[in-house]
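Novice: model the structure of this input:
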Amino acid sequence: MKILHTSDWHLGHTLYNYDRSREQQAFLKQLTRIVAEEMPDAMVVSGDIYHYSTPSASTQKMYTDGMLEIHRACPEMTIVVTAGNHDSSSKLEIDSSLWNHFGVKVVGNIERNQEEVNLEKHIVEVRNDRGILKGYIIAIPHVYPQNFPILDTETPREERQARFFQALQDEVEKMNAERLPVVLMAHLSIEGSDQTGHDDTVGGIEYVPISAMGGGYDYLALGHIHCPQNIKGSRHCARYCGTPLPVSFDEAYPHSVSIVEIQREKAPQIKTIEIENPMPLITLPKEAVDFEEAIKLLEEYPDDKPAYIRLNVLIKDYLAPDCNERASNAVKGKNCKFCYIKPNREKHTSDDETKHISIQEMQEMSPLEIAKLYFQEAEGKEMDEELCELMNSVVQKVKEKSILH
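Specialist: Below you'll find the model as predicted:
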């Protein structure tokens, strides 16, 4: 079975109030072309279709138009979409019955029929244009660990997630007499995964060991982490495909979709196809320099070259009040867009080597002494009297609270 694995589209995302719909539409067009060229048996989208749980009408139309074009590019291909932590599971499922007519299976939540959990909802058969069964996809949307359903009274609350994953794989095992490939979809954080550039400020997710995913799949199609990677210790059968477009400047790595060829009980064959971003995110320069040097580089940036730019500036004390205005003026008439200044505080070198203290020494020090050491190392100067007084008052309040309790 051949699948296209993608996730974390974050349609509707804006970057420092700049609209990104042109880039997102360009991605969907590239994805349509890739589908037409690769002709996969299935495309799996492992969560975070939208960036906001209440996407605008234009963003929803972009998604609908894009999915219809992808379907037309390969009508026999099965498409499976699951909700991520950014998505509204109920809103994503509103049109699920209609999408079924276009070979698109949308799974936004776990469905309970009275006291029974509808496991069948999460199991998708993949068939070719002649109706021949090629494999199975187990589609599990984002669910917080504490919200997984109770399948039996013996399973402790903290093990419900692992129990649910394994129960679905056990169901497929009963159906899978021909030993066809099984793909498991999930939107979560696996322990040991590379979080480079990832921002968890929206719906941060607890880490899950790879062992909790069960053992009945041939490929684990993961979403949520934006850095593309195979998970260590998974025999190369568990992978984050990553975002097709960067969501922040710190996601400074290639963005792609994954083409995966799967044979039962064999290591999947994975290749990546890079997505071209018509409006790249550029940090200028890569190594921080003083503001005047940075603004000169911005002024010299080619007029016809599109990009979002953040300035990487080295500062001693504080930036001048007009620095953002000067940066904005520097890009007037250019195709690039200035976003913000990334300040990097200059490290003050001292003739004395950094003082190393033992645990015993730290235990003998007062909170203020520890705070002053940290401040000296972080800021390169001594904590002033006002800060010391503030720190002392906080320590005193904490002590008083501890006595009361």
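Novice: skipping adjacent residues, who's closest to E111 in space?
Specialist: Once flanking residues are discounted, E111 sits nearest to N118: 4.2 Å by C-beta to C-beta, 6 or more residues apart in numbering. C-beta here means a position set from N, CA and C on the backbone, and glycine is covered the same way.
Novice: report the contact partners of that neighbour.
Specialist: Taking C-beta atoms under 8 Å, 6 or more residues apart in numbering, we find N118 in contact with 110-112.
Novice: one more: A320?
Specialist: Under the criterion of C-beta under 8 Å, 6+ apart, the contact partners of A320 comprise F291.
Novice: ok, now with 10 Å
Specialist: A320 makes contact with 291, 326, according to C-beta atoms under 10 Å, 6 or more residues apart in numbering.
Novice: so how far is I359 from it?
Specialist: Relative to I359, A320 is positioned 43 Å away (C-beta to C-beta, to the nearest Å).
Novice: wait, doesn't E382 sit right on F375?
Specialist: Yes. A contact is recorded between E382 and F375 when judged using C-beta atoms under 10 Å, the distance being 7.4 Å.
Novice: so between those two, which is more surrounded?
Specialist: Between E382 and F375, F375 has the larger neighbour count (other C-beta atoms under 10 Å), namely 17 against 11.
Novice: tell me the helix or strand right after the helix or strand bottoming out on mean pLDDT in the chain.
Specialist: The element with the least model confidence among the helices and strands of the chain, by mean pLDDT, DSSP states H and E, is helix 359-364, at a mean of 71. On the C-terminal side of helix 359-364, the closest following helix or strand by DSSP states H and E is helix 367-379.
Novice: in the stretch 201-350 of the chain, which spans are strands?
Specialist: In the stretch 201-350 of the chain, the strands defined using DSSP state E, counting those that start in this stretch lie at 207-208, 219-223, 229-230, 238-240, 256-261, 269-274, 281-289, 307-315, 336-345.
Novice: for M39, find the nearest of those.
Specialist: Of all the strands of the stretch 201-350 of the chain, it is strand 256-261 that lies closest to M39, at 10.5 Å by C-beta to C-beta.
Novice: chain center to that closest one: distance?
Specialist: How far strand 256-261 lies from its chain's middle: 17 Å, per C-alpha atoms, centre = their mean, to the nearest Å.
Novice: what packs against that strand?
Specialist: The contact analysis (3 or more C-beta pairs under 10 Å, 6 or more residues apart in numbering; DSSP states H and E) places strand 256-261 against strand 2-6, helix 21-38, strand 42-46, strand 219-223, strand 238-240, strand 269-274.
Novice: 7 Å instead, please
Specialist: strand 2-6, helix 21-38, strand 269-274 (3 or more C-beta pairs under 7 Å, 6 or more residues apart in numbering; DSSP states H and E).
Novice: how about the second one, which residues are buried there?
Specialist: Residues of helix 21-38 classed as buried: 23-24, 26-28, 30-32, 34-35, 38 (neighbour count, 16 or more other C-beta atoms under 10 Å).
Novice: for the last one, same thing?
Specialist: Using 16+ other C-beta under 10 Å as the test for burial, strand 269-274 gives 270, 272-273.
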